[in-house]
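> I would like the atomic coordinates for the input below:
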Amino acid sequence: MQQFLKKILFFIIPIVLVTLTFEIYLRTLNTDYKQKNKGLIENYNNINILILGNSHGYNGINPSKFDLPAYNMAAGGQSLYFDKRITLKHIDKLKQLKYVLISVDYHSFYFSSQGIRDTWLYYDYGIKYKDKKEILSSLSYFWFGYTPRIAISEIKNRILHSSENERTISGWMPAHGTNENQFTEKSLKYKGNWFNKEVRNSNEREEIITDLDDFIVKLKEHNITPIFYTLPMYEGIYKYLDDDYLLQNEKDIEYLISKHNIFYWDLSKFSSQDKSLFLNQDHLNKKGADKLTKELNALLIANFMKN
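Model (predicted):
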């Protein structure tokens, strides 16, 4: 029996040590979410413009290119569900907030969960996705929050690219260069079909629009102006998107902007043929973000500050 217990301990102890090491690392990891949240809190008294959205806005809108102080709270895969709740969690302390830019992309009305990212936002923002239980993920970041595969991949990436790790700039993460292999016809078709699959497999549209409607009301109650925006994807991707959903998006956006008398700035075709502005099929690089944000700034000035 003693020999058996020794063998068990010999097997268990390394697992426990590895788990503890990863738990400490993951719980102290300076994630993009932590950086963004910390920066938002530090700038409560300065922010006039809050940028929301998924990775398109995260990479594609440079806060420094606005005339007014701006902050980017968009993030990879972030849904309107979390856009709303992140904003409302902080809204009473954002004393200077005047404008909230809300991304409405091709798939925005068709997803609310962000998959495993739901748990990551719970860790760093303290916001739960609906009634999702986070008991196991709270007990172990390694086994249930990030999962061993992602945790190990994260450490490898940090070790191999330690000198290249970037920090968000007013919440923004610039993307550099152009990945030429992402612009082949095969890649464009694949990405377009990925978006189509996202919307066709969803039954959330009405619920998301109702939730967004309520978000607009709450912003207006705080004397904050909501503005819808759509960023460009590379032109070659549009022919692969489903026309029925594009039309439905137009109707849904028109319904909301008419009901609430708000602006929608559709920049989906803005310089969409200029590959040098894109990192890949659907994300702007730094050059594109700078150019696009200057256009957004000009729209703000023309519509709200021309007097």
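> any weak-confidence spans in the stretch 1-150 of the chain?
1-7, 9-10 (pLDDT under 70).
> got it, and the stretch 151-300 of the chain?
Along the stretch 151-300 of the chain, the model assigns pLDDT under 70 to residues 160-166.
> repeat that with 50
Scanning the stretch 151-300 of the chain for pLDDT under 50 picks out the ranges 163-164.
> Strands along that one, start to end?
225-230, 263-266 (DSSP state E, counting those that start in this stretch).
> Deepest in the core, which of those is it.
Comparing those by mean neighbour count (mean count of other CB atoms under 10 Å), strand 225-230 comes out on top with a mean of 21. Every C-beta, even on glycine, is put in place using the N, C-alpha and C of the backbone.
> ok, it: who's next to it in the sheet?
strand 99-103 (parallel), strand 263-266 (parallel) (DSSP bridges).
> could you dump the ones you listed to CSV with distance to Phe278?
Shown next, in CSV, are those (distance: least, CB to CB, whole Å):
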stretch, distance to Phe278
strand 99-103, 17
strand 263-266, 18
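> Now whichever helix or strand Asn37 is part of: buried residues?
Per DSSP states H and E: Asn37 is located in helix 32-42. For helix 32-42, the neighbour count (16 or more other CB atoms under 10 Å) marks Asp32, Tyr33, Gln35, Lys36, Asn37, Gly39, Leu40 as buried.
> so who does the third one touch?
Contact analysis of Gln35 by CB atoms under 8 Å, 6 or more residues apart in numbering lists Arg167, Thr168, Gly171.
> quick one: the most centrally placed residue in the chain and Phe22, what's the gap?
By CA atoms, centre = their mean, the chain has its centre lying nearest to Ala75, at 2.2 Å. Distance of Ala75 to Phe22, given as CB to CB, to the nearest Å: 23 Å.
> re earlier: just the buried residues of helix 32-42 now: which is nearest Ser137?
Minimum distance to Ser137 across the buried residues of helix 32-42 is 14.6 Å, recorded for Tyr33 (CB to CB).
> Now for that closest one: which residues touch it?
Ala75, Trp120, Leu121, Tyr123, Asp124, Tyr125.
> Identify the farthest-apart pair in those.
Largest pairwise distance in the contacts of Tyr33, by CB to CB, is 13.2 Å, between Ala75 and Tyr123.
> Which parts of the stretch 51-200 of the chain are helices?
Along the stretch 51-200 of the chain, counting by DSSP state H, counting those that start in this stretch, helices occupy 55-60, 80-90, 117-125, 135-139, 148-160, 185-200.
> So which of the ones you listed is the most surrounded?
Mean neighbour counts for the helices of the stretch 51-200 of the chain (mean count of other CB under 10 Å) peak at helix 55-60, with a mean of 26.
> Any idea how far it is from the middle of the chain?
7 Å (CA atoms, centre = their mean, to the nearest Å).
> next one: stretch 39-54
The answer for stretch 39-54 is 14 Å, by CA atoms, centre = their mean.
> for the longest helix seen in the chain, which positions count as buried?
For the chain, the helix with the greatest residue count under DSSP state H is helix 2-28. Residues of helix 2-28 classed as buried: Phe22, Glu23, Tyr25, Leu26 (neighbour count, 16+ other CB under 10 Å).
> Among these, which pair sits farthest apart?
Glu23 and Tyr25 (7.3 Å).
> Could you report the neighbour count for the closest residue in space to Phe66 that isn't next to it in sequence?
Nearest non-adjacent residue to Phe66, counting by CB to CB, 6 or more residues apart in numbering: Asn297, 4.9 Å away. By other CB atoms under 10 Å, the residues close to Asn297 number 18.
> quick one: contacts for Asn297?
Counting by CB under 8 Å, 6+ apart, Asn297 makes contact with Lys65, Phe66, Asp67.
> Let's have those in CSV, adding neighbour count and distance to Tyr245.
Formatted as CSV, the contacts of Asn297 follow (neighbours: other CB atoms under 10 Å; distance: CB to CB, whole Å):
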residue, neighbour count, distance to Tyr245
Lys65, 17, 31
Phe66, 22, 31
Asp67, 12, 35
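> Out of these, flag the one nearest to Ser153.
So of the contacts of Asn297, ranked by how close each gets to Ser153 (CB to CB), first place is Lys65, at 32.9 Å.
> Please give me every residue in contact with the closest residue to the closest one other than its chain neighbours.
Excluding its sequence neighbours, the residue lying closest to Lys65 (CB to CB, 6+ apart) is Thr293, at 3.8 Å. Counting by CB under 8 Å, 6+ apart, Thr293 touches Gly60, Ile61, Asn62, Pro63, Lys65, Phe66.
> In contact with Lys98, which residues?
Asn48, Ile49, Leu68, Ile224, Thr225.
> what does Glu207 give?
Going by CB under 8 Å, 6+ apart, Glu207 touches Ser112.
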